[in-house]
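Novice: Output the structure for:
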Amino acid sequence: MSSADTHQHQPGAGPEDEQAAENATALRADIRRLGDLLGETLVRQEGPELLDLVERVRALTRSDGEAAAALLGKTDLETATKLVRAFSTYFHLANVTEQVHRGRELRARRATEGGNLTRTADMLKDADPQHLRETVRNLGVRPVFTAHPTEAARRSVLTKLRKIAELLERTDVSERRRTDLRLAENIDLVWQTDELRVARPEPADEARNAIYYLDELHSGAVGGFGA
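Specialist: Alright, predicted model coming up:
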C-alpha cells in the first residue's frame, strides 16, 4: 500500500532549494517504505483480497470517482470497516513519518543556526537592562493542557506509533533489514489494536492521555531546563 510521487529538479535552484528537495525525496521514500510494509501487514492479517481492494479504491479515487463510489457501495460492512482502517492506518504512518523528518530538519537547523533560546539570548544581549527587568518581573507562564475534540487515539496506539517513529530515526544502512523487520512487527501490532475506544472516554481517561504526553515526551522537549 503505497503512493509514488515524482520530483523534477528546477534549473538554477540554490543550496537551500536543493536541500529541501532532498528532504522531500527522503520523506516520500520513507512514506512509501511504511506503505509497503503496511501492505504486507494487510496480506498477513487479512489476506491479499483486502490489499487488492485498497489498491483498487486508491486508483479509482484518482481516476474515476463515480466508479470508486460504486465499488464502495457494493462492499459489505465488515470489509468496508477494514478498508477504512487500512487508509486510517496509512495516514497515521504518513503523519508519523512527516513528524520524524520535520524533527530531523529542525535539529539540523539548530546545529547550524542555533535554537530559538540561543537566538533569543543573543538578541537580549543588546536589550535595555531596565526594560528587560520590568518585562521579566511581569512575565507569567501558565501551561494549559486541553484534549482536542478530534483526538480519540488510544494510549496503546500512540505508544506503538511512537515506537515506529523511534525506528524510523535509525539511519544506519547496515541495520536496514533488521529495522524493517521491527517496523513490520509494530505495524502488525497497530493493525491488531482497536484504534478507537468502545466506550465514551471519562475525565480520568482524558487525564491519563495527557499524562502519556507528559511522561513520554517532556524529557526530549524540556529536559535541559531541569539540569
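Novice: How about the secondary structure of Asp194?
Specialist: Put simply, Asp194 is coil when judged by DSSP: H, G, I helix; E, B strand; the rest coil.
Novice: That one and Ser88: what is the separation?
Specialist: Distance check for Asp194 against Ser88: by Cβ to Cβ, to the nearest Å, it reads 12 Å. No exception for glycine: its C-beta is placed from N, CA and C like everyone else's.
Novice: With Asp188 instead?
Specialist: Taken as Cβ to Cβ, the span from Asp188 to Ser88 is 16 Å.
Novice: ok, those two, which is more surrounded?
Specialist: Neighbour tally, Asp188 and Ser88, criterion other Cβ atoms under 10 Å: the higher count belongs to Asp188, 17 against 12.
Novice: For the more buried one, which non-adjacent residue is spatially closest?
Specialist: Nearest residue to Asp188 in three dimensions, chain neighbours excluded: Thr41, at 5.3 Å (Cβ to Cβ, 6 or more residues apart in numbering).
Novice: didn't the one you found look like it was pressed against Gln192?
Specialist: No. With contact defined as Cβ atoms under 8 Å, Thr41 does not reach Gln192; the gap is 9.2 Å.
Novice: and those two? which has more neighbours close in?
Specialist: Set Thr41 next to Gln192 and count neighbours by other Cβ under 10 Å: Thr41 wins out with 23 against 10.
Novice: Which residues are in contact with that one?
Specialist: Contacts for Thr41 (Cβ atoms under 8 Å, 6 or more residues apart in numbering) come out as Ala184, Ile187, Asp188, Trp191.
Novice: ok, now Ala68?
Specialist: Val57, Leu60, Thr61.
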